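J.: next comes the sequence, and after it the predicted model I'd like to discuss.
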Amino acid sequence: MQHANALPNSQSPLVKWLDQYGNAATIVACVAMIGGAIWYSYNRTSTGRSERAWARYSQARSAQDFGDIADDFSNTDVGAWARLGEGERLAESGISLMFTDRKAALGELKNADEAFNKVLAMKAAASAARERAAWGLAKSTEAQCDGDTNKSIEAYQALLKQFPKSLYKAAAEERIESLKSESAKEFYVWFHKQNPKPPEASKPKDGLPDGHPPFDLPLDDKPEIEKPKTEEQTKATAPEGSVVAKMKSEVEVEFARIPLQDAVKFIADKCEIEIEIDGESLKAAGFTKNMPQTLTLGKATGLEAIGALLKKYENEKIPLVLIIQEDEKKALITTTEFAEKNKLTPFEFAKPVEPPKADEPKDEKPKDDKPKSENKDKDAPAESK
């Protein structure tokens, strides 16, 4: 500008333009530079925030974990997927609890419905996430059916209407046809009337816990650590009506590729005892309740049958064990990892007695049937003959 002022008679267009618009151009350039710096900073911060969100998402396991991520990163792609994860885990838990704790189950399913509806309301959410939310909402609605299946049918139809080429199209159409039948309505009328409740917590017993040494025991006298009882010892001391006593009932074992849970249920029904399978612990160890079982024992006790089923997995990295819970009048099939973590003592099955080995026949030289005298005469010199 100083040079431009020093040349008042210059006819240069650049000089004239700088003289007229120089200040405004400087201001515009400064604003553009500041705006670019702000945009760069925001974009870099947003990228880092998104990376942190996805890192948390990859480590989330429970419904609470996914719910916290969805709250912290609402209106984002990762937030939508996290909200979906929250709903799916709540729905899975609620459907499972419908058979053991109806009140808790309905609470979980209600929260799952809220999560699914939030995902469906996010228009910016990925189509795949919204599709899965619609499917989860339909399943949750059916689980809460009281006999009027119209609401459940409408939920599946809403999925097909919003996502005509859905991956769940065949399954949704099958559920719609099934829910229209009278048998489905009768089942849900009956199922809705059921009200399973969890068993009441056992009250603490007076006195010292089992195995605790008396307080007046001298310090030098260390109590012996009680070793786990074997199956034979437990049988001998098991009172009538106990879990172990009931599991001594005889059953006919002839399994041909049936799921583990069905085999265990068959044994439990025959023994008139509850045998629970810890599905979560099995899943963490790489097992499932539907593992096919093929076993032929003929007539055997329930304990022998359970022992034979678990023996198949004794060489796995995390074997399966049986826990006898006399206080709760039931048995539990879980993993050694779960038992150690919760300080539970696995039941020790008696080792099968190996049959004695037959003595190996000794190599005996065949006896000559001819009398010794004849042999001697045969081998004697001619003069002696």
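T.: Done, it's in.
J.: and I306, how many neighbours?
T.: Neighbour count for I306, taken as other Cβ atoms under 10 Å: 25. Where you see a C-beta, it was placed from the backbone N, CA and C, and this is true even at glycine.
J.: who's in contact with it?
T.: M247, V264, I267, I275, L322, A331, I333 (Cβ atoms under 8 Å, 6 or more residues apart in numbering).
J.: now those as CSV including distance to T288?
T.: Formatted as CSV, those follow (distance: Cβ to Cβ, whole Å):
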residue, distance to T288
M247, 24
V264, 13
I267, 18
I275, 17
L322, 18
A331, 19
I333, 13
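J.: nearest to W135, of those residues?
T.: Minimum distance to W135 across the contacts of I306 is 31.0 Å, recorded for V264 (Cβ to Cβ).
J.: so that closest one touches A308, yeah?
T.: No. Taking Cβ atoms under 8 Å as the definition, V264 is not a contact partner of A308, at 11.9 Å.
J.: all the strands of the stretch 101-250 of the chain, residue numbers only.
T.: 250-259 (DSSP state E, counting those that start in this stretch).
J.: low-confidence stretches in it?
T.: 201-241 (pLDDT under 70).
J.: run the last query once more with 80
T.: The stretch 101-250 of the chain contains residues with pLDDT under 80 at 124, 199-241.
J.: isn't I95 right up against R102?
T.: No. At 11.7 Å, I95 does not count as touching R102 under the criterion of Cβ under 8 Å.
J.: contacting residues for the nearest residue to F163 once chain neighbours are set aside?
T.: Residue nearest to F163 in three dimensions, not counting chain neighbours: E131, with 4.8 Å by Cβ to Cβ, 6 or more residues apart in numbering. The contact partners of E131, taken as Cβ under 8 Å, 6+ apart, are L159, Q162, F163, S166, L167, Y168.
J.: surely the first one and A134 touch.
T.: Yes. The pair L159 and A134 passes the contact test of Cβ under 8 Å, sitting 4.2 Å apart.
J.: give me the common contacts of these two.
T.: Contact with both L159 and A134 is made by residues S166, according to Cβ under 8 Å, 6+ apart.
J.: list the buried residues of stretch 317-337.
T.: Of the residues in stretch 317-337, 318-324, 330-336 count as buried by neighbour count, 16 or more other Cβ atoms under 10 Å.
J.: just flag the most distant two among the residues you listed.
T.: The widest separation within those, taken as Cβ to Cβ, falls between I318 and K330 and amounts to 22.2 Å.
J.: can you list the domains in this structure?
T.: Listed by automatic domain parsing, the domain ranges of the chain are 2-59, 63-193, 231-341.
J.: do you know which of the ones you listed lies nearest E200?
T.: Of the domains of the chain, nearest to E200 by Cβ to Cβ is domain 231-341, at 10.6 Å.
J.: distance from the chain centre to the closest one, please.
T.: Domain 231-341 sits 19 Å away from the centroid of its parent chain (Cα atoms, centre = their mean, to the nearest Å).
J.: and for stretch 144-161?
T.: 28 Å.
J.: related to what we said a few turns ago, so V264 and A308 - more neighbours on which side?
T.: Taking other Cβ under 10 Å, V264 and A308 do not tie; V264 has more neighbours (21 against 18).
J.: for the more buried one, which non-adjacent residue is closest in space?
T.: Closest residue to V264 apart from its sequence neighbours, by Cβ to Cβ, 6+ apart: I275 at 5.3 Å.
J.: equivalent analysis for L90, please.
T.: A112 (3.7 Å).
J.: repeat for E316
T.: Distance criterion Cβ to Cβ, 6+ apart; nearest residue to E316, sequence neighbours excluded, is A285 at 7.6 Å.
J.: same question for A263.
T.: Q293 (4.7 Å).
J.: in terms of contact, does L260 touch K289 like I think?
T.: Yes. In this structure, L260 is within contact of K289 by Cβ under 8 Å, at 5.6 Å.
J.: overlap in contacts, these two.
T.: Common neighbours of L260 and K289 (Cβ under 8 Å, 6+ apart) are I277.
J.: ok, these two, which is more surrounded?
T.: Neighbour totals were compared for L260 and K289, and L260 leads with 22 against 15 (other Cβ under 10 Å).
J.: tell me who's in contact with that one.
T.: Counting by Cβ under 8 Å, 6+ apart, L260 makes contact with I277, T288, K289, N290, M291, P292, Q293, L309.
J.: among those residues, which are located in strands?
T.: Residues of the contacts of L260 located in strands (DSSP state E): I277, P292, Q293.
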